[in-house]
Every structure is written in C-alpha cells, then in structure tokens.
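Engineer: Give me a model of this one.
(one chain, ligands or ions: 2)
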Amino acid sequence: MIFDRLLGRFSKDVGIDLGTANTLVYVKDRGIIINEPSVVAINQKTGQIIAVGNEAKKMIGKTPTHIVAVKPLSDGVISDFEVTEKMLKYFIDKVHEGGFSLFARPRVVIGIPLDITEVEKKAVEDAAYSAGARKVYLVEEPMAAAIGCRLPIQEAIGNMIVDIGGGTSEIAVISLSGVVTWKSIKIAGEEMNKNIIQYARSKFNLLLGEKVAEEIKIKIGSATEQQQVLEAQMRGRDLVTGLPREIIVNDEQIRDALSKSIRIIIDNIKATLEITPPELVADIFERGITISGGGALLKGLDKAISRATQIPVYIADDPLTTVVRGTGYLLDNLELLKTICCPPTSEESS
Ligand SMILES: Nc1ncnc2c1ncn2[C@@H]1O[C@H](COP(=O)(O)OP(=O)(O)OP(=O)(O)O)[C@@H](O)[C@H]1O
Ligand SMILES: [Mg+2]
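Structural biologist: Ligands and ions are numbered 1, 2, ... in the order given. Model (predicted):
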C-alpha cells in the first residue's frame, strides 16, 4: 500500500526487548537508543511516576513509604500491566521526542518468552499498541537472540541458543526458521541473587539487599573454579544484633551459593538435547551451543556447560543486547519477520 509506505517513511520503526531486568529499544537506522533497567518508581499518594529506568533502579530498597520502586515484569512476563504500559510509553516517547504524531506511528517488534500464555501475549501487544504502535509483531526471544547472534536459523541446521536473563532461562533448538525443541525455566539472574541472599542469611545471619547481592554476583560469582581467589565485601544487617555488618566472601563461597541454580540450568540444557532429533543434535555437537543474556557473563558458565554436555559453548558478543539486536535485524528484513513472528492475538489497531 502506498499509504503504508508513506507512513513507513515518516515513522521510526522500533525493536524492543522488554526484559525482566532490562528494557532495550532499537530504532531503525539509529541502533540501540535505550538500555535501562525495567524499573519504575511511583508515588503511591498521587499515582505519579517519579522515575523510570536507571534513576528508578537506584531507588530500590531506599524509598520512603509512599514511594515504591516496581519491576513491572517478572519471570519474563508482564505482572503489572498499567506500569509496564507507562514504562513503555516513557521509553518510546523518549525515542520519538514527544510521542508519535498521527503520521509517525511505528512498527514495533517485541521479543516474548516461549513459555507465555495467550493472555500474557495479548498484554504485551496491547501495551505496545496503547504506547502508540501502528503494527506490533511478537517474536520468540530465543529466535530474536539467535538472529542477534547471526546464527543461520533459516537453514536446515540445528542451532542451539541458551538465553539466561533476569527472570527466565530459555533454551531452544532452532532449524528452518522455527523452534524445534525448547525449555523455559524460571531460574536465571534474579534467582542467583536470591541464592546469595539466602546463603548470607543461613551462613552468617546477615540480611542482604537485592542490589548488594547482584553486585557480589557480578563481581565474584562463578560457575567453575577460578585461577585466583576473588573476594568481595558483603554488607548487610546482622539479624542477631540488628546492626550493620560487613563480611568478606570469596568466589568459592559464592560458587557454592549459586551451584543449585547452575545445576538446574545445565540439567535443562541436557534435557532439551535429549528430546532433540538426532540429526540436529549432531549439528549442535559440531557447531556448539551459543549462550546469551546477562547470565552468559557469569564467570565460567560457558566452561561448566561445555564440561557437562561435552559440546563447545560460545558466549554471544555483547550478550545483553542480542535479543534487541535481533529485533533490529528483523526490522530491516520484513520478509523474515513475517515468516517467524507469532500470529497476532488481537486485531491491529488501525
Ligand atoms: N557479569 C555478570 N555476571 C553474572 N550475571 C550478570 C552479569 N551481568 C549481568 N548479569 C545478570 O543478567 C541479568 C540480566 O540479563 P538480561 O538483561 O539478559 O535479562 P532480561 O532480558 O531483562 O530478563 P528476561 O530475559 O528473563 O526477561 C541480571 O540478573 C543481571 O544480574
Ligand atoms: Mg531477556
């Protein structure tokens, strides 16, 4: 349609990775414009949004009673629709400096988890439409991640991608532009933070904040033995005295704390391989497994997966941006986008 092409010329199509931990927005011809935590700070008295993204994340655990810092997504899906919608609108408005004009409503490609219900799918779609999208395309996140890694997903080749995010770890084998076998588990970065909080509580009677736990994980967390001892300060409140206390922990202790989650992720990778047709397993054996998402940065995780599966493991370049870069690639390849996107759950809004 000529009209459609005309609209297309004025609009800046966007790709969105609406993650549990981070939201990224890719704008056609411009690249990644937004990369911020999926957090919104709200004044509960007035309902007003006080901060979004980086500013809001700084407030977690530090707000007075009338302000709450909310993560509107959990386990990879929208748990608070209204806040998600506001967050999306805030980010998209930021991209489009003052929102969409009537002639500049964009196409929006959004990554969604494999393990999502129709209702949850519709919620994502609705949030994007009400944030001003002209047309919404939903793409399975592992598919977007694999495309972001430039894996040959269109060929008759087994591609295995493991995306370890904040809320979910998604394991998928892709061939001929489709997901053949997959598993999605709710054990990922945030669960690892909880493992550390739990460890501090049971070993040291120390109550840790979520942000402190995450910092320790990123600094010294690992899945395999390290070349040298790594140490970090663990600051929290002593549950016995009620006073602040600091303990030095090392990589071995944190590895111990994380081991259960790591084991579950690895077991699920193995279980996915077990249900994958042998021809594809042979391809994966030869070509390796690609890991992406923030969790792929955990020290030694590649090695641990490789040891357990006897398959080479590669960490994606810039693993935190693979999904959004995949959506960006799809904006430039609309034919491929139309082949792989999920069928819409609702009528388009225009
Ligand atoms: N260097 C690191 N080592 C270990 N974990 C890390 C590192 N850097 C980031 N992470 C973790 O990665 C997670 C965020 O990853 P990512 O942005 O891929 O998740 P997401 O896409 O928002 O979540 P999901 O895909 O589950 O919806 C966080 O839990 C963060 O703590
Ligand atoms: Mg993700």
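Engineer: where in the stretch 51-200 of the chain is pLDDT low?
Structural biologist: Along the stretch 51-200 of the chain, the parts satisfying pLDDT under 70 run over 96-104.
Engineer: For the nearest residue to Glu246 once chain neighbours are set aside, give me its contacts.
Structural biologist: Distances taken as C-beta to C-beta, 6 or more residues apart in numbering put Arg235 closest to Glu246, at 4.8 Å, once the chain neighbours are dropped. Yep, even glycine has a C-beta here, placed from its N, CA and C like the rest. Arg235 makes contacts with 208, 212, 244-246, as judged by C-beta atoms under 8 Å, 6 or more residues apart in numbering.
Engineer: same check, this time on Ala146
Structural biologist: 153, 159, 161, 172, 174, 290, 326.
Engineer: Run a quick neighbour tally on the first one.
Structural biologist: In terms of burial, Ile153 registers 22 neighbours under the definition other C-beta atoms under 10 Å.
Engineer: for ligand 2, what are the nearby residues on this structure?
Structural biologist: 19, 165 (C-beta under 5 Å from the ion).
Engineer: Might you report the residue contacts of the spatially most distant residue from the centre of the chain?
Structural biologist: Centroid-distance maximum for the chain: Thr241 at 38.0 Å, with C-alpha atoms, centre = their mean. Taking C-beta under 8 Å, 6+ apart, we find Thr241 in contact with no residue.
Engineer: In the stretch 201-350 of the chain, which residue sits nearest ligand 1?
Structural biologist: Nearest residue of the stretch 201-350 of the chain to ligand 1 (C-beta to the nearest ligand atom) works out as Gly294 at 2.0 Å.
Engineer: Was I right to think that residue contacts Asp318?
Structural biologist: No. Counting by C-beta atoms under 8 Å, Asp318 is not a contact partner of Gly294; they are 10.8 Å apart.
Engineer: neighbour-wise, which of those two wins?
Structural biologist: Taking neighbours as other C-beta under 10 Å, Gly294 and Asp318 compare with Gly294 leading, 19 against 12.
Engineer: confidence score at the more buried one?
Structural biologist: Note on Gly294: pLDDT of 98.
Engineer: got the contact list for it?
Structural biologist: With C-beta under 8 Å, 6+ apart, Gly294 has these contacts: 21-22, 164-166, 189, 319-320.
Engineer: out of the residues you listed, which are inside strands?
Structural biologist: In this view, the contacts of Gly294 that belong to strands under DSSP state E are 22, 164.
Engineer: low-confidence ranges in the stretch 201-350 of the chain?
Structural biologist: Checking the stretch 201-350 of the chain against pLDDT under 70 turns up 346-350.
Engineer: so who does the closest residue to Leu301 other than its chain neighbours touch?
Structural biologist: Computed as C-beta to C-beta, 6+ apart, the closest residue to Leu301 that is not its neighbour in sequence is Ala223, at 4.4 Å. For Ala223, the contact set (C-beta under 8 Å, 6+ apart) comprises 255, 258, 262, 298-301, 303-304.
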